[in-house]
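Participant: build the 3D model from these lines:
(chains A and B)
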Amino acid sequence: DQQVKQNSPSLSVQEGRISILNCDYTNSMFDYFLWYKKYPAEGPTFLISISSIKDKNEDGRFTVFLNKSAKHLSLHIVPSQPGDSAVYFCAAYLAGGTSYGKLTFGQGTILTVHP
Amino acid sequence: DTAVSQTPKYLVTQMGNDKSIKCEQNLGHDTMYWYKQDSKKFLKIMFSYNNKELIINETVPNRFSPKSPDKAHLNLHINSLELGDSAVYFCASSPSAGGPYEQYFGPGTRLTVT
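Facilitator: Reported below is the predicted structural model:
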């Protein structure tokens, strides 16, 4: 029972174009979402996050959009650069007495940006 | 000055053996986690400790036992290793467990059970 899913295993984009990574979730009670980036042989690193009370958060080339009614979020990277090639994980957080910071992760999407 | 470090990076062992993975963070964080990345690539939380106290214990076999000697260290001991334990194990830390704080991950330990 995966509550967070990234249905595209991979995405290939040309340098300079937009990359759009998608994430779907099933638990409408999630109140915070995060994106992590992972290079080979390294651990995931935090990229950007969004609260469930917002529909957009922007940080430089990275923008995350949240559509609560569709239980869907997306990460936009504009313009894409070869250094952005990595695995991108979507994660969700459920506040509450017993969650204690627990993050629920998707399975990741491999982004390849071609020069 | 690695923030979250894990040892070993690779671990190859036979079924039935007992092994440990060590994790240390120098960020001064109160909370540490163990995640398992399975063959389907999902990162799933196993345990979390806050100031040496176990606060998250997901449905993990009893063969897995975390130990936190102090808040900067969280080790994972696995008894009677099975083939299905083969995975990448990530340690992480965050300032506290009280919110959706950014978690800092170690580089992972690739465990292969033969």
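Participant: can you name the residue of chain B nearest chain A?
Facilitator: Across chain B, the shortest distance to chain A (Cβ to the nearest Cβ) belongs to residue B:105, at 3.0 Å. For every residue, glycine as well, the C-beta is placed using N, CA and C.
Participant: list the contacts for that residue?
Facilitator: Shown here is residue B:105, whose contacts under the criterion Cβ atoms under 8 Å, 6 or more residues apart in numbering or on different chains are A:36, A:43, A:44, A:45, B:4, B:35, B:90, B:91, B:92.
Participant: in strands, which of the residues you listed appear?
Facilitator: Of the contacts of residue B:105, the ones assigned to strands by DSSP state E are A:36, A:45, B:4, B:35, B:90, B:91, B:92.
Participant: switch the residues you listed over to a markdown table; also include neighbour count, pLDDT and distance to residue A:89.
Facilitator: Rendered in a markdown table, the data for the ones in strands among the contacts of residue B:105 read as follows (neighbours: other Cβ atoms under 10 Å in any protein chain shown; pLDDT from 0 to 100; distance: Cβ to Cβ, whole Å):
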| residue | neighbour count | pLDDT | distance to residue A:89 |
| --- | --- | --- | --- |
| A:36 | 25 | 97 | 4 |
| A:45 | 14 | 95 | 10 |
| B:4 | 23 | 96 | 16 |
| B:35 | 26 | 95 | 11 |
| B:90 | 26 | 97 | 11 |
| B:91 | 27 | 97 | 16 |
| B:92 | 26 | 95 | 12 |
